[in-house]
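K.L.:
pasted the sequence and its predicted model underneath.
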Amino acid sequence: MTLTRWQKPNLSSVAPVRRIATLRDEVDNLFNLTLGRFLGSPQDSEQSTQLLEGWFPAVDLYEDKDSLVVRAEVPGMKKEDIEISLHDGYLTLSGERKQEEKYETAETYRSERWLGRFHRTISLPCRVDAEKIKATYTDGVLTVTLPKAEEAKPKQIPITVK
Amino acid sequence: MNAVAQQQEKPVCPQPADTEREFLTPKVNIVENQDGYVLEAELPGVNKEGLDISLDNNELTIVGRRQAEFGASLLYRESENADYRRVFELDPTIDTAKIAAKIEQGILTLTLPKTEQVKPRRIKVS
């Protein structure tokens, strides 16, 4: 057994202040991710948190030459219970899924499905023609097709060589 | 804090480990009432043609296959491009001959009735 002289720990090396800042950053990050989802920023998609929001249906965004397509996985709903609205370049999908009455008296073994309200807002990368938006609900997937506004479509610009 | 934020959505289920990577585990709700069990599974994008339910001894396997993605180019994806699969071990009191399945808007509802003998019933006194 060796004896080493006890040394008073050097407080500056522990850097507790830095550690607390990191913790605070993490909490901020958590809240930012939560709010970031509401504003539809794609960068936050990797770290999803469901701590504060409840049901968070997955949403995909596709683009082709003439339109944007938004696809949301919301099985088990009635089309009356889904609302779609467009405002200022943001598409909002919301709705409510209710528990069926016949199951209320039964004993639950496993309950993994979310019920209740959902609310997703997606920021659209280009202008769309609001009059021509179509939405379909098949097999539990809501597909919203948003035709691009004329000025947002890609145009070929001819080159003149002099 | 990070561990909590990154918690997987997929639930832990009491069944043999699935070594195939291309399947997703669908969420289910299971309730029991007097006549039997009702199982609801979420399979968005799956219709009757893509659904495959099989029973082997007491093991019930649900496989839901989805259509391939359409041609438009992807900007942002949250869903997973995989099929669904889940295996359940059934209680021996279930009458396997009377299992009924129905799929509507991506929700599969399986009704698994119990055999007659195990249902609660009154016994007449002679």
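P.N.:
Noted; the coordinates are in hand.
K.L.:
what's the local residue count around the closest residue to chain B within chain A?
P.N.:
Distance from chain B to each residue of chain A (CB to the nearest CB) is smallest for A:Gly140, at 1.9 Å. Placement of C-beta: from N, CA and C, glycine included. Residues contacting A:Gly140 under the criterion other CB atoms under 10 Å in any protein chain shown number 24.
K.L.:
against A:Leu61, how distant is it?
P.N.:
When CB to CB, to the nearest Å is applied, the distance between A:Gly140 and A:Leu61 equals 18 Å.
K.L.:
next one: B:Gln117
P.N.:
The separation that B:Gln117 has from A:Leu61, given CB to CB, amounts to 54 Å.
K.L.:
and what of A:Leu142?
P.N.:
13 Å.
K.L.:
could you do A:Ile82 as well?
P.N.:
Here the distance between A:Ile82 and A:Leu61 works out to 18 Å (CB to CB).
K.L.:
show me which of these two is the more surrounded one.
P.N.:
For A:Ile82 versus A:Leu61, neighbours defined as other CB under 10 Å are more numerous around A:Leu61 (23 against 18).
K.L.:
now tell me which helix or strand of chain B has the poorest mean pLDDT.
P.N.:
Taking mean pLDDT, DSSP states H and E as the measure, the helices and strands of chain B show their lowest mean at helix B:2-5, namely a mean of 49.
K.L.:
coming back round to it: so the residue of chain A closest to chain B sits against B:Pro44, correct?
P.N.:
Yes - at 3.9 Å, A:Gly140 counts as touching B:Pro44 under the criterion of CB atoms under 8 Å.
K.L.:
excluding covalently adjacent residues, which one is nearest to whatever residue of chain B ends up closest to chain A?
P.N.:
Minimum separation of chain B from chain A (CB to the nearest CB) falls at B:Gly106, amounting to 1.9 Å. In space, and not counting its chain neighbours, B:Gly106 is closest to A:Gly140: 1.9 Å by CB to CB, 6 or more residues apart in numbering or on different chains.
K.L.:
go on, B:Gly36?
P.N.:
B:Pro113 is the one closest to B:Gly36 (CB to CB, 6+ apart), at 3.7 Å.
K.L.:
mind checking which helix or strand the one you found is in?
P.N.:
Using DSSP states H and E, the element containing B:Pro113 is strand B:107-113.
K.L.:
neighbouring strands - and their directions - for that strand?
P.N.:
As defined by DSSP bridges, the strand partners of strand B:107-113 come to strand B:36-42 (antiparallel), strand B:100-104 (antiparallel).
K.L.:
now these in CSV, with mean pLDDT?
P.N.:
CSV is the format used below for the strands paired with strand B:107-113 (pLDDT from 0 to 100):
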stretch, mean pLDDT
strand B:36-42, 91
strand B:100-104, 92
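K.L.:
quick revisit: what's near enough to touch the residue of chain B closest to chain A?
P.N.:
By CB atoms under 8 Å, 6 or more residues apart in numbering or on different chains, the contact list for B:Gly106 reads A:Glu73, A:Pro75, A:Gly76, A:Asp139, A:Gly140, A:Val141, B:Glu42, B:Leu43, B:Pro44, B:Gly45, B:Val46.
K.L.:
what residues does the closest residue to A:Arg110 other than its chain neighbours make contact with?
P.N.:
Beyond its immediate neighbours in the sequence, the residue positioned closest to A:Arg110 (CB to CB, 6+ apart) is B:Ile30, lying 4.2 Å away. Under the criterion of CB under 8 Å, 6+ apart, the contact partners of B:Ile30 comprise A:Thr108, A:Tyr109, A:Arg110, A:Ser111, B:Tyr37, B:Val38, B:Leu39, B:Glu40.
K.L.:
the third one contacts B:Val28, correct?
P.N.:
Spelled out, it's A:Arg110. Yes - taking CB under 8 Å as the contact criterion, A:Arg110 and B:Val28 are neighbours in contact, 6.0 Å apart.
K.L.:
more neighbours, those two?
P.N.:
The residue with the greater number of neighbours, taking A:Arg110 and B:Val28 and applying other CB under 10 Å, is B:Val28; the counts read 22 against 16.
K.L.:
where in chain A is pLDDT low?
P.N.:
Across chain A, the ranges flagged by pLDDT under 70 are A:2, A:4-26, A:28-53, A:101-105.
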